[in-house]
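Colleague: fold the stuff below for me.
(2 chains)
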Amino acid sequence: QQPVQSPQAVILREGEDAVINCSSSKALYSVHWYRQKHGEAPVFLMILLKGGEQKGHDKISASFNEKKQQSSLYLTASQLSYSGTYFCGTVSGGSNYKLTFGKGTLLTVNP
Amino acid sequence: KAGVTQTPRYLIKTRGQQVTLSCSPISGHRSVSWYQQTPGQGLQFLFEYFSETQRNKGNFPGRFSGRQFSNSRSEMNVSTLELGDSALYLCASSHPRPGQGDSRSTDTQYFGPGTRLTVL
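Modeller: A predicted model of the protein is given here:
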């Protein structure tokens, strides 16, 4: 089942912060975050594993709440280069590894 | 290391035709997954190949098929094209850890630039 991302779109001014959420109705093994710019391939940002860890990548970080089966991506002091569509991909229980993506969140950072 | 490559980048076909898309994974990667991306549905999983065997399959009709060669290169075929097949087709490669379950849940997938298919 496809994870649900919110919000669907967000517009920021440079320097502002944003949070993108990803929720699943299934028990998750891991959450994967990607960013895709228009006309380009999705680019891997980070993976979070069950256990509630939090990871960071420059000014982009994420957390994984295992109890809620929810992950949040935090973008702080946004830059113009952060613009793009952010996807979360989830891996659920079972022996088959399958990455299921949400519909994405369009982030626009304006000067 | 060279990234994932896909050919062709753009393709225009008419309804009823068939099409074959190609994907070359990152050197050393043995797993190739295919996705269909449309504005309405986002990224949807088609199938995954590992060591020339289909390991996972999404919810797509049998018109969508694939294969993987001994050098890990993969092809995807769509027969009897429909207008709704117009989409960006992405392939992603990964280097899975051996085993099942949890140990595979951390595999990072690296995407290619995609093939834009337009069905008229």
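Colleague: what sits against the nearest residue to residue A:40 once chain neighbours are set aside?
Modeller: Spatial nearest neighbour of residue A:40, chain neighbours left out: residue B:113 (7.0 Å); criterion: Cβ to Cβ, 6 or more residues apart in numbering or on different chains. Just so you know, the C-beta spots here come from the backbone N, C-alpha and C atoms, and that holds for glycine as well. Residues counted as contacts of residue B:113 (Cβ atoms under 8 Å, 6 or more residues apart in numbering or on different chains) are A:40, A:41, B:4, B:5, B:6, B:9.
Colleague: quick one: residue B:46 and residue A:9, what's the gap?
Modeller: Computed as Cβ to Cβ, to the nearest Å, the residue B:46 to residue A:9 distance reads 26 Å.
Colleague: higher neighbour count, those two?
Modeller: Ranked by neighbour count (other Cβ atoms under 10 Å in any protein chain shown), residue B:46 and residue A:9 place residue B:46 first, with 21 against 10.
Colleague: nearest residue to that one in space, please, no chain neighbours.
Modeller: Counting by Cβ to Cβ, 6+ apart, the residue nearest residue B:46 is residue B:34, at 4.1 Å.
Colleague: element containing that neighbour, please.
Modeller: strand B:31-38 (DSSP states H and E).
Colleague: in that strand, which residues are buried?
Modeller: By neighbour count on 16 or more other Cβ atoms under 10 Å in any protein chain shown, the buried set for strand B:31-38 is B:31, B:32, B:33, B:34, B:35, B:36, B:37.
Colleague: number of nearby residues for residue A:73?
Modeller: Close neighbours of residue A:73, defined as other Cβ under 10 Å, add up to 24.
Colleague: for it, list the residues it contacts.
Modeller: A:19, A:20, A:21, A:22, A:33, A:45, A:60, A:61, A:62, A:86, A:88.
Colleague: tell me the helix or strand right after the host helix or strand of it.
Modeller: Per DSSP H and E: residue A:73 is located in strand A:70-75. Downstream of strand A:70-75, the next assigned helix or strand under DSSP H and E is strand A:84-92.
Colleague: so what strands line up beside the next helix or strand after that next one?
Modeller: As assigned by DSSP H and E, the chain's next helix or strand after strand A:84-92 is strand A:100-101. Sheet pairing of strand A:100-101 (DSSP bridges) gives strand A:84-92 (antiparallel).
Colleague: the inter-axis angle of the partner strand versus strand A:70-75?
Modeller: 150 degrees (axes from the mean of the first three to the mean of the last three Cα atoms, to 10 degrees).
Colleague: what residues sit buried inside strand A:84-92?
Modeller: Neighbour-count burial for strand A:84-92 [16+ other Cβ under 10 Å]: A:84, A:85, A:86, A:87, A:88, A:89, A:90, A:91, A:92.
Colleague: closest to residue B:118 among those residues?
Modeller: residue A:85 (20.7 Å; Cβ to Cβ).
Colleague: pLDDT wise, what is that closest one at?
Modeller: On the pLDDT scale, residue A:85 is placed at 96.
Colleague: residues touching it, list them.
Modeller: A:35, A:36, A:37, A:104, A:105, A:106, A:107.
Colleague: for residue A:40, pull up the helix or strand it's in.
Modeller: Under the criterion DSSP H and E, no helix or strand holds residue A:40.
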